[in-house]
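K.L.:
Any chance you can model this:
(chains A and B)
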Amino acid sequence: MNAAVATSVFGVFMVATVALGLLAVRGRRGGGGLAEWSVGGRSLGTVFIWVLMAGEGYTSFSYLGAAGWGYNYGAPVLYVVAYMSCGYAVGYVVGPMLWAYARKHGLVGITDMVAHRFGRPWLGALVAVLATVFLLPYIQLQITGMGVVVSTISYGAISLNWAYFIAFAVTTGFVVVSGLRGSAWVSVLKDLLVIVTLGFLAIYVPVHYFDGYGPFLDRLVTEKSEWLTFPGHGDSGLGQAWFITTSFLNSLTVVIFPTTVAGYLGARNADVLRRNAMWLPAYNVLLFVPMLLGMAALFVVPGLVGAESNLALFKLVTDSLPAWSVGIIGVAAALSSIVPMAVFMLVIGTMWGRSVLSLVPRWERRQKGAAQLVVVVAGSLALLLTYTAPNTLVRLSLISYEGMAQLLPMVLLGLMWRRLTLLGAMSGLVVGVGVVCGFVFMENDPVWGVNAGIVALAANLAVALVVTYAGPRERDERPDDEVLARDEWEADREVVNVR
Amino acid sequence: MLRRRPQLLWLLVPYVLYLGALPFVNRVRPVVLGLPFLFFWLLGATVLTPVAVWLTRRGDRR
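P.N.:
Okay, here's the model as predicted:
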């Protein structure tokens, strides 16, 4: 009975989601094309960009993974809040810079930007492949997260494996029909639900289980103080040095993360992004809720181990609330998977359509269709990984970020510093990716107490600089203005003056 | 960039609050508003980050 109620609430909302996605793109058919599908025709305003980017940042990982890590380790999970806040601040500078660069040269993503900067189309293809590889764990993360939700709200009637498949099917279908504009619309629905449900849980759980916040926090402080400082509970190896290096690395990586850049490029103008950089960090306050709830679960459902900890939050919910509200909370969590996953897939499709498939003349005409095909393939791969190589949610997101971080010198430094040569950037990238893979696959992350990605990035940067200075100078006739991203504030002023 | 826009230095505020100050705030007590000190501090940093970005923007708009 419970399962039927919760599952029907959930099903109704899923159908509504896809309908909303379709509605968003209705009437914009004819002029469609890759740019409309992928960056919303560059016409989204402050509010849409805000919800979209907040939506991307606030994934099922934040909903479930944060609670899970809060449950397992405690304080280390706060790195999420730290890197997102710092990243938004950096985005204040970088976002408008990338936006202006893409706008000026008609580009739709970081792969294009790199290809344009170094004047080599194949480089864009290479970066696209690499970025796809590092996005797959993130998609897998969302599939896992949503699968957990679907299975839990059906009270186990739908097995995890089927739930993963449903997650994949709903999202892939959604993204193929709706594109970035549809995702932004659904983001609005999702944000409302997330804010309402988390706000409710934040009050309900402590009152229901602990007679209010005071007693809850008191018990936390007296009984679980190990969770409340670094390095957190258990033998995590996640001390202060890990927290600082991870937050630092991720805060830089997040600004060039292909999905973030998709959000940037969807903006109507650069000032939309600056206003957003100001408002987005406020959303992070919400992240404290699942973390605290995860720790509340320590008292209520003790003894979850490993990947089971992802369920910490939902165990609380199903334990104490009626079925229909379980359904609603499930919808909020599922949309927290669908929106980011849709954006991730969209970005993969765009990168391939623009940078890989365009190299094959035969495919060029059918860029959008081909891009959509790539989306389905990438989604299937991620689904396959979910079955064959499951992992806890946080670990997956870390791998993604550590890999993507290796693109920093090539993308960000490259756009600001003319002297950086292709050979230098490439050598650095190869070394960086090699080091990350080495550490991750030999399960040496964190290494010496710090984030393995930052060690790799240091090696990456060092190699890039040495090869640039020691190697041959590059000959490129184009003026700096054509190649580098400018301090966007001045560029902006000029545009205003011209008008 | 920095010489023309010194206000960008405000953007370092979240880094100082979250990362730089960490060794000094990694403690449970004193408990503030019921929150363990570390959590209170990071919550404060989260609230102050928009202020820092706002200050940058204010400098830019001059």
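K.L.:
List, one by one, the residues from chain B near chain A.
P.N.:
Neighbours of chain A within chain B, by Cβ under 8 Å from any Cβ of the partner chain: B:1, B:4-5, B:8, B:11, B:13-15, B:18-19, B:22-23, B:26-29, B:31, B:34-36, B:38-39, B:42-43, B:45-47, B:49-50, B:52-54, B:56-57, B:60. Placement of C-beta: from N, CA and C, glycine included.
K.L.:
What subset of the residues you listed is buried?
P.N.:
Buried by 16 or more other Cβ atoms under 10 Å in any protein chain shown: B:8, B:11, B:13-15, B:18-19, B:22, B:26, B:28, B:31, B:34-36, B:38-39, B:42-43, B:45-46, B:49-50, B:52-53, B:56-57, out of the residues of chain B next to chain A.
K.L.:
Convert the lowest-mean-pLDDT helix or strand in chain B to CSV, retaining C-alpha atoms only.
P.N.:
The helix or strand with the lowest mean pLDDT-type score in chain B, counting by mean pLDDT, DSSP states H and E, is helix B:22-25 (a mean of 83). In CSV, the C-alpha atoms belonging to helix B:22-25 read as follows (Å, rounded to 0.1, in the frame of the first residue of the first chain):
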residue,chain,number,x,y,z
LEU,B,22,40.6,26.1,9.4
PRO,B,23,43.5,25.1,11.8
PHE,B,24,42.2,27.7,14.3
VAL,B,25,38.5,26.7,14.2
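K.L.:
now the helices for the stretch 151-300 of chain A?
P.N.:
A:160-210, A:213-223, A:240-256, A:258-266, A:270-283, A:288-300 (DSSP state H, counting those that start in this stretch).
K.L.:
Distance from the chain centre to the last one, please.
P.N.:
Which is helix A:288-300. The chain centre lies 23 Å from the centre of helix A:288-300; the measure is Cα atoms, centre = their mean, to the nearest Å.
K.L.:
what does the next helix or strand after that helix rub up against?
P.N.:
Downstream of helix A:288-300, the next assigned helix or strand under DSSP states H and E is helix A:312-320. Applying Cβ atoms under 8 Å, 6 or more residues apart in numbering or on different chains, the contact partners of helix A:312-320 are A:63-64, A:67-68, A:70-71, A:148-149, A:152-153, A:155, A:201, A:204-205, A:208-209, A:290, A:293-294, A:296-297, A:300-301, A:304, A:325-326, A:329, A:333.
K.L.:
Same question for stretch A:107-123.
P.N.:
Here stretch A:107-123 makes contact (Cβ under 8 Å, 6+ apart) with A:34-35, A:38-39, A:98, A:101-102, A:105, A:124-125, A:127-128, A:131, A:256, A:258, A:261-262, A:265, A:347, A:350-351, A:354-355, A:358-359, A:407, A:410-411, A:414-415, A:422, A:425-426, A:476, A:478, A:483-484.
K.L.:
Which parts of that stretch count as buried, going by neighbours?
P.N.:
By 16+ other Cβ under 10 Å, the buried positions in stretch A:107-123 come out as A:107-118, A:123.
K.L.:
Farthest pair within those residues?
P.N.:
Based on Cβ to Cβ, the longest span within these runs between A:108 and A:118 and measures 17.2 Å.
K.L.:
sorry, back to before: quick one: which of the buried residues of stretch A:107-123 has the lowest pLDDT value?
P.N.:
Within the set of the buried residues of stretch A:107-123, pLDDT is lowest for residue A:108 (81).
K.L.:
And that one, how close does it get to chain B?
P.N.:
26 Å (Cβ to the nearest Cβ, to the nearest Å).
K.L.:
Quick one: classify that residue as helix, strand or coil.
P.N.:
When classified by DSSP: H, G, I helix; E, B strand; the rest coil, residue A:108 comes out as coil.
K.L.:
Filter the residues of chain B next to chain A down to just the ones in helices.
P.N.:
Those of these mapping onto helices are B:13-15, B:22-23, B:38-39, B:42-43, B:45-47, B:49-50, B:52-54, B:56-57, B:60, per DSSP state H.
K.L.:
which residues of the stretch 251-400 of chain A score low on pLDDT?
P.N.:
A:306-307, A:363-365, A:390-397 (pLDDT under 70).
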